[in-house]
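1. need a 3D model of the sequence below.
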Amino acid sequence: MNLLLLLVLQSAPVVQGAELIRQFHTYDLQKVAVRAVPGERGAQVRCDLTLIPQRPGPLRFVFTSDARNLRVTRDGQPVPVSVEGATIKTLVRLLAPDAQGVPGLLVLRPEPGWPLGEPVTVRLEYDWMPRGG
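-> You can find the predicted model right below:
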């Protein structure tokens, strides 16, 4: 009986992790095309992501905390976006308190008209300015 209880307690993080993945996995990434133009203190980056939304809701990506002037568009139209980082940073701080450059979570909020199950291309443009130049 104790073995069964131990097994159940050890599997709880796995179940929780699987649920987080299911929650965050709302798209299938099909193609990534990146162009970076080096500058004096970083680079100007343009990244085209082709993905297939599978479920309604926000699209989430792990994203660098060293980005500035982020612009996200689809067919030339702005896409509402936010960069969230509290959850990832809290977790990293627990595991590695002195870690620098912890990424955030880029959240795209597609309009209700985005087709599910069909390819969509979004463009991310930003200035990448790494810490320390």
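2. what's the residue most central in space within the chain sitting at in phi/psi?
-> When the chain is reduced to its mean C-alpha position, the nearest residue by Cα atoms, centre = their mean turns out to be Phe61, at 1.1 Å. In terms of degrees, to the nearest 10, the main-chain angles of Phe61 are phi -140, psi 140.
3. these two touch, right, Leu29 and Pro53?
-> No. Taking contacts as Cβ atoms under 8 Å, Leu29 lies outside contact range of Pro53: 10.9 Å. (Glycine included, C-beta is placed from N, CA and C.)
4. where does the chain dip in pLDDT?
-> Applying pLDDT under 70 to the chain flags residues 1-24, 85-92, 94, 99, 101, 132-133.
5. just the strands in it please.
-> 27-38, 43-53, 59-63, 67-74, 77-78, 81-84, 104-108, 120-128 (DSSP state E).
6. just name the most buried of these.
-> strand 104-108 (a mean of 19; mean count of other Cβ atoms under 10 Å).
7. that strand versus strand 120-128: what angle between them?
-> Angle, strand 104-108 to strand 120-128, by axes from the mean of the first three to the mean of the last three Cα atoms, to 10 degrees: 140 degrees.
8. direction included, what does strand 104-108 pair up with?
-> Strand 104-108 pairs in its sheet with strand 59-63 (antiparallel), strand 81-84 (antiparallel), by DSSP bridges.
9. could you export the first one as PDB, CA atoms only?
-> Same thing as strand 59-63. The C-alpha coordinates for strand 59-63 follow below in PDB (Å, rounded to 0.1, in the frame of the first residue of the first chain):
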ATOM      1  CA  LEU A  59      -0.200  31.400 -28.700                       C
ATOM      2  CA  ARG A  60       2.800  31.200 -26.300                       C
ATOM      3  CA  PHE A  61       6.500  31.100 -27.000                       C
ATOM      4  CA  VAL A  62       9.600  31.200 -24.900                       C
ATOM      5  CA  PHE A  63      11.200  34.500 -25.900                       C
END
